[in-house]
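Chemist: what's the 3D shape of this:
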Amino acid sequence: MRNEFDFTKMHGAGNDFIMIDDSDAEFEISGSVIASLCAFHTGIGADGLILLRPSGKADFTMRYFNRDGSEAGMCGNGARCAAMFAFSRGVAGEEMVFETGSGLVHGRILEDGVKIGISGVSGLRTGIALSDSGLEVACAKCGVPHAVLITENVRDISRDDFLRTAVSVRNDPCFLPEGVNFNMVSIEGRDRIAYRTYERGVEDETLACGTGAVSIAVITARMGYTASPVICETSGGDRLVVEFTPTDDGAERCSLKGPTAVVFQGKFSLSDFSPAKY
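Modeler: Just a heads-up that it's a prediction; the model follows:
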């Protein structure tokens, strides 16, 4: 197996990722190595790592790994970065289809960002009473599960208070054994919300979450607060635009649009991040 790899560090609305064109499928997947690469201070530092690999039925396959090395079926902002990365590498054109662990994703490169179309949101439930915190949340799945709590002035809540609530909800017995991503949301209009997300696998607040934005938009519409399209302002200050068609179970024909950016590029050796180094 190959030892040295080129990488590109990208972010989508503040979600940052280590992007690797693994067209030859030679990156030896190891959760501990991925966690070491994603670690801040001692690694490259990122919310997750994304491999672009060949596909037999689409332009490419995206494999997404959380900061802790665990693999997840979907990451919305990661998919948008994957689309731009694939386009820049000549792997796909401006219009593309790619595989993820949660199904096929349609991507489009636009002048003002990247838009992806995903299969939908399912399993929407409201009025879920949590035993540990006593809170009442809503929940839905957009590739990965998301719990949503509506509050006032989400931007004014201290980081400590947010994390305390987030950890409690993420680990509530209602969502075991997998756990859940947690989103705290403020309604700012029929077409606008502000939100903050705690992501499992990262185990911290992130500056944005694409699947979280989609889940929130669909859930708040079901509750009568919003209607498609919904502008979702992230805790990092960027805006994601979500469009969808409501269904009895959640939504279909969902899309997520927002910015992406390249931060820097480099090269690393897998052997430098092996468990023996730590």
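Chemist: mind listing the helices for this structure?
Modeler: Along the chain, counting by DSSP state H, helices occupy 31-38, 76-88, 159-170, 210-222.
Chemist: How about the residue at minimal distance from the centre of the chain: what's its closest non-neighbour residue?
Modeler: Residue closest to the average C-alpha location in the chain (CA atoms, centre = their mean): C75, at 3.4 Å. Closest residue to C75 apart from its sequence neighbours, by CB to CB, 6 or more residues apart in numbering: Y64 at 4.7 Å. Backbone N, C-alpha and C define where each C-beta goes, glycine included.
Chemist: How about the contacts made by that neighbour?
Modeler: 48-50, 71-75, 78-79, 100-101 (CB atoms under 8 Å, 6 or more residues apart in numbering).
Chemist: Next: A86.
Modeler: Counted by CB under 8 Å, 6+ apart, A86 has contacts 52, 59-60, 92, 96, 98, 107.
Chemist: which of these lies closest to H41?
Modeler: L52 (26.7 Å; CB to CB).
Chemist: I figured the closest one was touching M84, is that so?
Modeler: No: if you go by CB atoms under 8 Å, L52 and M84 don't touch, sitting 11.3 Å apart.
Chemist: What distance do you get for the residue nearest to C75 to L124?
Modeler: Using CB to CB, to the nearest Å, Y64 is found at 23 Å from L124.
Chemist: Next, find the distance separating P177 from R200.
Modeler: Where R200 is concerned, P177 sits at a distance of 11 Å (CB to CB).
Chemist: Pick out whichever of the two has more residues nearby.
Modeler: R200 (22 against 5; other CB atoms under 10 Å).
Chemist: can you tell me which strand in this protein is longest?
Modeler: strand 113-129 (DSSP state E).
Chemist: List the strands paired with it, with their directions.
Modeler: Strand 113-129 has the following strand partners under DSSP bridges: strand 103-110 (antiparallel), strand 136-142 (antiparallel), strand 251-258 (antiparallel).
Chemist: averaged over its residues, what pLDDT does the shortest one have?
Modeler: The predicted model gives strand 136-142 an average pLDDT of 97.
Chemist: buried stuff in it?
Modeler: When neighbours are counted by 16 or more other CB atoms under 10 Å, the buried residues of strand 136-142 are found to be 137-142.
Chemist: What lies in contact with stretch 97-110?
Modeler: By CB under 8 Å, 6+ apart, stretch 97-110 touches 55, 57-64, 71-74, 79-80, 82-84, 86-87, 92, 94-96, 114-119, 143-144, 257.
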